[in-house]
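Peer 1: Here is a sequence with its predicted model. Questions after.
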Amino acid sequence: MDNLELLSDYATFLREKKEEGKKVVGFISHDNIPEELIDAAGFIPLRLMFAGNDDLMDASVDYLPPSTCAFAQSCIGLFSLKPNQYKFLELIDYFIVSNHCVSDICASEIISKYFNISRLNFYTSYTKNENSLKYFKLELFELKKQLENINGYKVQDEEFKKSIRKYNSFKKKLLEFSLINIKGSEKLKVLQYAMLYGPSFLPKLEFYIKEFIDNQIQSSNGLKDILLTGGSIFIDDHLIDLIEEGGGNIIYLDTWIGNNYYSQIFGDNVLDSMENPYDLLVQRFKNNIFGDHSVPNFLENKILQIEKIYLDHKKKTGRKLGIINHIIKFCDHISIMSTHLKNRLQEKEIQVLNLERDYSRAIRGQLSTRIEAFLEMI
Ligand code: SF4
């Protein structure tokens, strides 16, 4: 299935949900947004996880300076230009303004204000201590109230817990799927589709697991093994094709669309022993030490995590893992730490390519050259 088909199917899916009386809550695709609460309150969570292009980025300059990150620019562009394949964005009833980063807040506020989508607020602390955990819980209560006021009925703890279990099983399946040895582009495509649809994608995910499990590739197929960290590769981005054309294969996605999402799962014992669903999500927020919103120590945690994956991979396969740190242009979160990340990993003899780019077509050739040169080095 190509992306056009996927988006058209997704538009049909959303329309059907709307006909059933469901309302759609959009948000920019980073972590910590409690999609389980949105689901338990009877809404459809819609994650903005679409890559940009020249037109989408250009359309945003009416609202924000060009020094805004290319992804946030493109999110604004989607609402401003309304490309045909993204017409389903008109079905969004509410938009969450959250504070993953400055670009996220600004773009979300603009989408809500200038495109007339009612706003919901959900803010998370940048620190991890007793007070920030209490604050996270208060914000969950606050979001619950906002959702209840719209639908006019109370979100019962039982429903919320049921939704947490549903998403937890979904993420476990995604994790299982992510471990299958297939071409990175095939894997990414399924993960993107799955995260767009959410748990209703589970039967298809099970089908893909069955289909791919007997068709795994050998890691020595002449391709260089790659771990992708930094910014996600969103739907309709050609970056993964450039990596594969250059002779690389992403075997590990250390990004929001990837491990950062499906690694945040609860063990059955935690789910059974912790009655309060709000405490469960607080616990998850507390344990999320690898997401780039987590301060302090995010960078140290990230370096240690990548080193561990690298060493485990080398021990298991005897092969090196090249690290591509994907920096979406003007993404402060990732770019500000990129030199330190590269230097620290290279001290450990782990090769890193800091690959900064926006979504313009003109830089395609330049990106290919840099990727090919890096892959040759591994
Ligand atoms: S600056 Fe980075 S973290 Fe923020 S919206 Fe852009 S890509 Fe996401």
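Peer 2: Alright, I've got the coordinates.
Peer 1: Spell out which parts of this structure neighbour the ligand.
Peer 2: 30, 69, 71-72, 100-101, 103-104, 231, 328, 331-334 (CB under 6 Å from any ligand atom). C-beta: built from backbone N, CA, C; applies to glycine.
Peer 1: hmm, try it at 8 Å
Peer 2: 28-30, 68-72, 75, 100-104, 107, 231-232, 292, 328, 330-334 (CB under 8 Å from any ligand atom).
Peer 1: For ChimeraX, what selects the buried ones among those residues?
Peer 2: Only the buried entries of those go into this ChimeraX selection, using 16 or more other CB atoms under 10 Å:
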select :28,29,30,68,69,70,71,72,75,100,101,103,104,107,231,232,292,328,330,331,333,334
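Peer 1: Which ones among the residues of the chain next to the ligand lie within strands?
Peer 2: Among those, the members found in strands (DSSP state E) are 28, 328.
Peer 1: Mind checking which of the residues of the chain next to the ligand are in helices?
Peer 2: Among the residues of the chain next to the ligand, the members falling in helices (DSSP state H) are 70-72, 75, 102-104, 107, 332-334.
Peer 1: low-confidence ranges in the stretch 251-378 of the chain?
Peer 2: Residue ranges of the stretch 251-378 of the chain with pLDDT under 70: none are present.
Peer 1: The same query, at a cut-off of 90, please.
Peer 2: Scanning the stretch 251-378 of the chain for pLDDT under 90 picks out the ranges 289-298, 332-333, 378.
Peer 1: ranges for the helices of it?
Peer 2: Under the criterion DSSP state H, counting those that start in this stretch, the stretch 251-378 of the chain carries helices at the ranges 259-262, 268-273, 277-287, 298-317, 332-347, 364-377.
Peer 1: Can you name the residue of the stretch 101-250 of the chain nearest to the ligand?
Peer 2: The stretch 101-250 of the chain approaches the ligand most closely through C101 (3.4 Å), counting by CB to the nearest ligand atom.
Peer 1: residues contacting that residue?
Peer 2: With contact taken as CB atoms under 8 Å, 6 or more residues apart in numbering, C101 is in contact with 30, 69, 293, 331-333.
Peer 1: Now with 6 Å, please.
Peer 2: By CB atoms under 6 Å, 6 or more residues apart in numbering, the residues touching C101 are H333.
Peer 1: got it, and G230?
Peer 2: Counting by CB under 6 Å, 6+ apart, G230 has contacts 325-327, 334.
Peer 1: Tell me the bridge partners for it.
Peer 2: Beta-bridge pairing for G230 (DSSP bridges): H326.
Peer 1: For the residue in the stretch 201-350 of the chain positioned nearest to the ligand, which non-adjacent residue is closest in space?
Peer 2: Closest approach between the stretch 201-350 of the chain and the ligand, counting by CB to the nearest ligand atom: C331, at 3.1 Å. Closest residue to C331 apart from its sequence neighbours, by CB to CB, 6 or more residues apart in numbering: C69 at 4.4 Å.
Peer 1: for N131, same thing?
Peer 2: S125 (7.7 Å).
Peer 1: That neighbour: neighbour count?
Peer 2: Using other CB atoms under 10 Å, S125 has 19 other residues around it.
Peer 1: Y86 and I233, how far apart?
Peer 2: For Y86, the distance to I233 (CB to CB, to the nearest Å) stands at 18 Å.
Peer 1: Those two: which is more packed in?
Peer 2: With neighbours defined as other CB under 10 Å, Y86 and I233 compare such that I233 has more, 27 against 19.
Peer 1: isn't that one right up against I240?
Peer 2: Yes. The pair I233 / I240 is scored as a contact, 5.5 Å apart, by CB atoms under 6 Å.
Peer 1: wait, L242 sits on S368?
Peer 2: Yes. The pair L242 and S368 qualifies as a contact (CB under 6 Å) at a distance of 5.3 Å.
Peer 1: Looking at those two, which has the bigger crowd around it?
Peer 2: For L242 versus S368, neighbours defined as other CB under 10 Å are more numerous around L242 (20 against 15).
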